[in-house]
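Asker: predicted model and sequence follow; I will ask about them next.
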Amino acid sequence: WAGLVAARQRYWGTLRTRSLIVHFRGHDITAYIAEHGLRAYRRLFRDADHFIANSHHFRDRAISIGCPPNKISVIGSPIDTKFFAPPTAARNRGDGPLRLVAVGRLVEKKGFADAIAALELLKKAGHAATLQIVGDGPLRAQLARDAEDRGLRDAVVFTGAATRAGVRDALHAAHIMLAPSVRSAAKDED
């Protein structure tokens, strides 16, 4: 939607720029389209100079609703691979529980409910496991109730929002990182 505003300002002459490049991310190409219709970006596709999608999936989505294929590129979300490098020492699982971690905003499309359900399946199969959820958001209380309802109150730990170093430390302490993703009721995706 910000691209729509910029294109309008460029047309009116209140935004002077040589090029207009619009970056599509999950909400822009899923929930926004579901709410405003397949033609929501028709003029933007014509007027902007280039588009960026953060995945091939969203690139294909943009093309399917009218983005010219020659005007869109995929540039994935960056990550500092030096800072978030795997730990130098190998982790030995030992006799303790399998440690799972999931990181992100606690919103429906991030799929944390599925991570909790997966932990329940592991427990029912007889595996000792814990799940650390790093992040915060509007679903925190609901997810905590879900964990409790599934008998996982002691196995799911909500640590809240974390610094970059806190996220890295949580990843290093875990055996497995989960990154579930779902289509929300509002048709929003990652």
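Answerer: It's in.
Asker: ranges for the strands of the protein?
Answerer: Along the chain, counting by DSSP state E, strands occupy 21-24, 50-53, 72-74, 98-103, 129-134, 156-160, 176-178.
Asker: of these, which stretch is the most buried?
Answerer: Compared across the strands of the chain, strand 129-134 shows the largest average neighbour count, a mean of 22 (mean count of other CB atoms under 10 Å). In short, each C-beta sits where N, CA and C put it, glycine included.
Asker: which helices and strands does it pack with?
Answerer: Applying 3 or more CB pairs under 8 Å, 6 or more residues apart in numbering; DSSP states H and E, one finds that strand 129-134 makes contact with strand 98-103, helix 112-124, strand 156-160, helix 164-173.
Asker: mind checking which of the ones you listed is nearest W12?
Answerer: helix 164-173 (39.8 Å; CB to CB).
Asker: can you tell me what sits against that closest one?
Answerer: For helix 164-173, the surrounding residues in contact (CB atoms under 8 Å, 6 or more residues apart in numbering) are 83-84, 86-87, 99, 101, 103, 132, 134, 159, 162, 177.
Asker: give the buried residues for it.
Answerer: Neighbour-count burial for helix 164-173, counted by 16 or more other CB atoms under 10 Å, picks out 167-168, 170-171.
Asker: now do stretch 143-158
Answerer: For stretch 143-158, using 16+ other CB under 10 Å, the buried residues are 143-144, 146-147, 150, 152, 155-156, 158.
Asker: which pair in those spans the largest distance?
Answerer: So, the buried residues of stretch 143-158 by CB to CB: farthest apart are R150 and F158, at 14.4 Å.
Asker: please name the residues that touch L178.
Answerer: Going by CB under 8 Å, 6+ apart, L178 touches 100-102, 115, 118, 131.
Asker: repeat that for 6 Å
Answerer: 100, 102, 115 (CB atoms under 6 Å, 6 or more residues apart in numbering).
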